[in-house]
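Asks: only geometry, no sequence info:
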């Protein structure tokens, strides 16, 4: 079927390619014309303005918006001023599900259907397919199902879950109509919250392996720092990249994230190219907000988020308060790990 | 080659079967004779006492001990009194790596080699192969490599990591000589620590999905409980089993643990058969102990461990202290979720 | 000066008494007339309707609203329909600071000043004075300063902070104009967030003392539970109430909350009257929401909040997911602490 | 009575002064003779070797050892070779309670009594008195009670807990015989674990206040960082030192640690002299080790400890792992807070 795609960044362009491979017709638009031309060369229908873009789409128009979360609102506003009743707008980006709910209600007044399609898969999605978590009305989601089915990975490549029989369900094909508008991005939000937790679990574990040889290092004795009680218990010079590789096979913890970590560690065994300032892009935060609002304990997901905040120095003032207190009650001066004082 | 196996529980018996399939000769012993007979019927050499067991093994004897962590010490003591210099004892159970270090030093005095083989794979290992994290001397680990290679999954079934070339490494075949005695169980310990973190991340996320419809429930207004500010934002009646299935394909969070969760949710969509009292079996605790001793922050792995403690009621007195304080400063009586008082 | 008080619950009635003791004139109103009559007997001016209440106040009317967070909105709406430009409404309850900001903006359109006065002190405030965290315009807060100063504890009873000289500041007298509308409840919110963290720190520590004798108990050996490695290290039969008392003197951790805990433990050394279902009343949650929104790591404050959620069973489904996973990969049945199976 | 003090650092010297003020006779020894001379000038009996020190003590000798945790073992070994049966050695430092248990058992073989006296109070103790948590036999602790009573704060200065009547208990006078050897340092250990949690709760709260004006700063829009949804909600330019002062009066969270924080913030409102590298000195770690070993959940105390580890960069490799994963699956380059890339 025909689909219009607005936003040809990393994700949008790859999705157009995957859809064209499956035989769909794609009209494309992007602020910067370069990716428009690139995709036109591969068979997409180019457009140089939002007006032209809409004019090239046949009613019942289906438009997939794939732009940064902060830009969705502006694009959707401009776009919907050009659309007609019955058209369908799909937000495939990382919107907050509450914005979806508000936008869906607004557009419903104009008769336009709004679908939120939480899209996971990153740069690998073009080959592997995208996991699609979809919110919207039955009518709108039903209409775009051919698109969803071809963007999704399909049943291949993953063993069937024991106990499942008969025709594969939507979920088994890699997409799911989760509920009314907002439900798609809600589920995608929780997906990312879990992702943060999983990533942190591996990161903490690898960090511990990285420090398993600490007993072989000399540490000075002073009143501020207790010496390692049993240094002999920490004299393992472990090969972290090989351990990452090992765990991919037969262990309890294989995962796609572990595959990626193993690949990173082959490239750079000590990850020296990274500074360790870890961004977070919205969903991890929103997951915690939802947990707190609904009274659901999520200590692991929250700890994972806070580690990222701290990695960017957002704990600095708190740490200064701690050092100030220690200085007050004990006359403790700050110490560096090598035993020299650094402050106060 | 010939291997003696002591301990024919779930794990030990399955490992014997996998080794016999690969052509190895297995002498077996178990306190309860029933599994001995069962494996004898499948081709293993039975023994009815530890003495007979040892007499059936040809020097350089190789004995794999697969018994509960608390029983290893007694078994190894009795066994080694019957062995000779140059023999090899492998502890495949869940021993604390420090016990390995002590036992290896003890046995070295008798010339007996001690190998700790952290073994992951659970009930699926017989088919899938076992991930083996091994500590010991080069000589001993080198001698048993044919056994390790056939217990391990091998290179099949998992895509090769980008950037790896040439002959597959040990890790790529599913086993790794990690370092001196203790190194194997150290790595296995961290593996399980990570496992706890991963499991908790999924569990918290699914719990949030499970409560996504809380806005549709009526909650009484009282001074103790703030009403949900935006109940409309939590009216999603999500299909948790289908979402678990969905995430197995194309998302960022596929993993073997997610596969298992999806399978559980097919069997019992609301998991009613489980009480939610979650055991922990040593390695998760030891991981946190090591992190604290070495000064490595592991907030996620620790939070995962503490959730298990709390699931078994080990937070009860702490919670009573909190309620007592609230009663003191605010005259707050405890509330149940349905608004009726429960105490004080 | 004259003050009208709406809401004569635990807090409101005590504040009226404290103000009358200081010589202020109080007009009082409450839905249930009983506390109105009680305070009238002590010298307050009673009113039996909101209309009568307002009519008894002299312009520039000053009204303190002290009702549950969920009821503020309705009361303020009804009240302000009866007020005139220049009047002042003070919300002394536990409102979310964003609601203050919205209400202040609304009332500003009518020329009515809105002051948010985060009020701490609980049932002890009548004697000890209330800590007041105040948001509003300079004009409005300046006008009510005599009220604030007399509700607050004043400089007595707390040693002056070293380095402070001259006339005591507002803060030293126990109240503070923190900023524009909302700033008062924002600061109160963080106060309560800290309170949750402090309470949890004590509760966890006392819980550990409570379990310090665990090595003296017999624990069965099974494959699911690792035995306590060094039971002799946990054979302390500690007197928790005496330790709470001890720490009140000369230690690093004396606090008002410790005083209250010590008092509770005198009343009931094992706190048997409490079920340990710990409520949370808004500010703790909002603190975490603000931390997440601003990217400030608050692992301790969040963990404290989550312990409360879990104490009310909000972790149940997560724990079932964990048990289900364990059953899948290891065939582990759930265990009770006494070793008997409980599920699956 | 007569007491010998070994170790005249910050703590030891102050304790000698406090004891002499109360009329006790103190024999003093220190590796560096300077503090020996200083205290001799104030009335202490000096000694220039451990032999001389012991010779100046009358049987039943009572020796208080006040040296860094790492040095206790050596000092006690040398000292006890010079003592006789029935003498008493008190370790007032920050020893691990398990070392106390071992030392007490060793010395018991020689008939020497070992008392562990967990001592809190820091640099303020000389005036305020020391909180003493004591482990040992009834006989030994009974013998030194006059010393304990005069080092402790006594009943003055702290209100009596409601419900307590009659003769003040030990705890009410500021010292407590907690149990057999080790019990004193066990209780002190938990005290410090709680201290870490309390400090972190304040630090996190003040950090949140510190960032309450973040909505007034401009933040660039990019795909990696979600813009602050409601910047207007975070435009509070709060006076953090005044808020610390305010909370000392009438709030729920006054404490000695808050007093110290308020004093620090008067000296340096933004704490610029501190780098925020926070040490930890043993007890906080041991508290978490004990919690894990006994299966007691301590998420708050652990989070507090981990924040300190992270403040010293011990999370660096974990953060690099996270950045590496993000780069793999999303092509995400690391961002600084100002939007410029920093790595990969």
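Replies: In hand now; what should we look at? Everything quoted here is computed from the prediction, not taken from an experiment.

Asks: where does the residue of the stretch 51-200 of chain A found nearest chain C land in three-state SS?
Replies: Distances between the stretch 51-200 of chain A and chain C by Cβ to the nearest Cβ are smallest at residue A:162, namely 9.6 Å. C-betas here are computed from N, CA, C, even on glycine. Under DSSP: H, G, I helix; E, B strand; the rest coil, residue A:162 falls in the coil class.

Asks: So the longest helix along chain A, near chain B or not?
Replies: As assigned by DSSP state H, the longest helix anywhere in chain A is helix A:183-210. Yes. Residues of helix A:183-210 contacting chain B under Cβ under 8 Å from any Cβ of the partner chain: A:183, A:186-187, A:190-198, A:200-202, A:204-205, A:207-209.

Asks: tell me the angle of that helix relative to helix B:183-210?
Replies: 160 degrees (axes from the mean of the first three to the mean of the last three Cα atoms, to 10 degrees).

Asks: just how off-centre is helix A:183-210 within its chain?
Replies: 9 Å (Cα atoms, centre = their mean, to the nearest Å).

Asks: Give me the distance between residue A:27 and residue B:297.
Replies: Residue A:27 sits 50 Å away from residue B:297, going by Cβ to Cβ, to the nearest Å.

Asks: These two: who's more crowded?
Replies: For residue A:27 versus residue B:297, neighbours defined as other Cβ atoms under 10 Å in any protein chain shown are more numerous around residue B:297 (29 against 24).

Asks: ok, for that one, nearest residue in space, not its chain neighbours?
Replies: Distances taken as Cβ to Cβ, 6 or more residues apart in numbering or on different chains place residue D:306 nearest to residue B:297, at 3.8 Å, with adjacent residues excluded.

Asks: So which other helices or strands are in contact with the host helix or strand of the one you found?
Replies: Taking DSSP states H and E as the definition, residue D:306 sits inside helix D:299-311. Counting contacts by 3 or more Cβ pairs under 8 Å, 6 or more residues apart in numbering or on different chains; DSSP states H and E, helix D:299-311 packs against helix A:299-311, helix A:316-330, helix B:299-311, helix C:183-210, helix C:299-311, helix D:183-210, helix D:283-294.

Asks: Touching, residue A:327 and residue D:264? I think so.
Replies: Yes. Between residue A:327 and residue D:264 a contact is recorded at 7.3 Å, counting by Cβ atoms under 8 Å.

Asks: Show me which of those two is the more surrounded one.
Replies: Set side by side, residue A:327 and residue D:264 show more neighbours around residue D:264, with 27 against 21, by other Cβ under 10 Å.

Asks: ok, now how distant is that one from residue B:60?
Replies: Applying Cβ to Cβ to residue D:264 and residue B:60 gives a distance of 67 Å.

Asks: tally of neighbours for residue A:40?
Replies: 14.

Asks: I would like the residues contacting the helix or strand containing it, please.
Replies: Per DSSP H and E, residue A:40 falls inside helix A:34-41. Contacts to helix A:34-41, defined as Cβ atoms under 8 Å, 6 or more residues apart in numbering or on different chains, come from residues A:8-9, A:13, A:16-17, A:26, A:28-30, A:44, A:46-48.

Asks: The residue nearest to residue A:107 when sequence neighbours are not counted: which element?
Replies: Of all residues not flanking residue A:107 in the chain, residue A:114 sits nearest, at 4.6 Å (Cβ to Cβ, 6+ apart). Per DSSP H and E, residue A:114 falls inside strand A:113-120.

Asks: And chain D, is the helix or strand just after that strand touching that?
Replies: Sequence-wise, the next helix or strand downstream of strand A:113-120 (DSSP H and E) is helix A:125-128. No. Judged by Cβ under 8 Å from any Cβ, helix A:125-128 stays clear of chain D, getting no closer than 9.8 Å.

Asks: Likewise for stretch A:74-92?
Replies: No. Remark: stretch A:74-92 sits outside contact range of chain D, by Cβ under 8 Å from any Cβ, the gap being at least 10.9 Å.

Asks: Is that stretch in proximity to chain B?
Replies: No. Against chain B, stretch A:74-92 shows no contacts by Cβ under 8 Å from any Cβ, the least distance being 13.5 Å.

Asks: Go ahead and confirm residue A:115 touches residue A:184.
Replies: Yes. With contact defined as Cβ under 8 Å, residue A:115 reaches residue A:184; the gap is 7.4 Å.

Asks: The two: which is more packed in?
Replies: residue A:184 (31 against 25).

Asks: How about the contacts made by that one?
Replies: A:97, A:100, A:115, A:116, A:117, A:118, A:132, A:133, A:134, A:135, A:136, A:178.

Asks: Please render those as a markdown table that adds pLDDT to the earlier fields.
Replies: Formatted as a markdown table, the contacts of residue A:184 follow (pLDDT from 0 to 100):
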| residue | pLDDT |
| --- | --- |
| A:97 | 97 |
| A:100 | 97 |
| A:115 | 98 |
| A:116 | 98 |
| A:117 | 98 |
| A:118 | 97 |
| A:132 | 98 |
| A:133 | 98 |
| A:134 | 98 |
| A:135 | 98 |
| A:136 | 98 |
| A:178 | 98 |
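
Asks: Could you turn the buried ones of these into a ChimeraX selection?
Replies: Buried residues among these (16 or more other Cβ atoms under 10 Å in any protein chain shown), as a ChimeraX selection:
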select /A:97,100,115,116,117,118,132,133,134,135,136,178
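
Asks: After the helix holding residue A:40, which helix or strand is next?
Replies: strand A:45-46.

Asks: Tell me how many other residues crowd the residue of the stretch 201-344 of chain A found nearest chain B.
Replies: At 2.8 Å from chain B, residue A:201 is the closest residue in the stretch 201-344 of chain A, using Cβ to the nearest Cβ. For residue A:201, the neighbour count with other Cβ under 10 Å is 29.

Asks: now do residue A:78
Replies: With other Cβ under 10 Å as criterion, residue A:78 counts 12.

Asks: Output the below-cut-off pLDDT ranges for chain A.
Replies: A:218-226, A:332-344 (pLDDT under 70).
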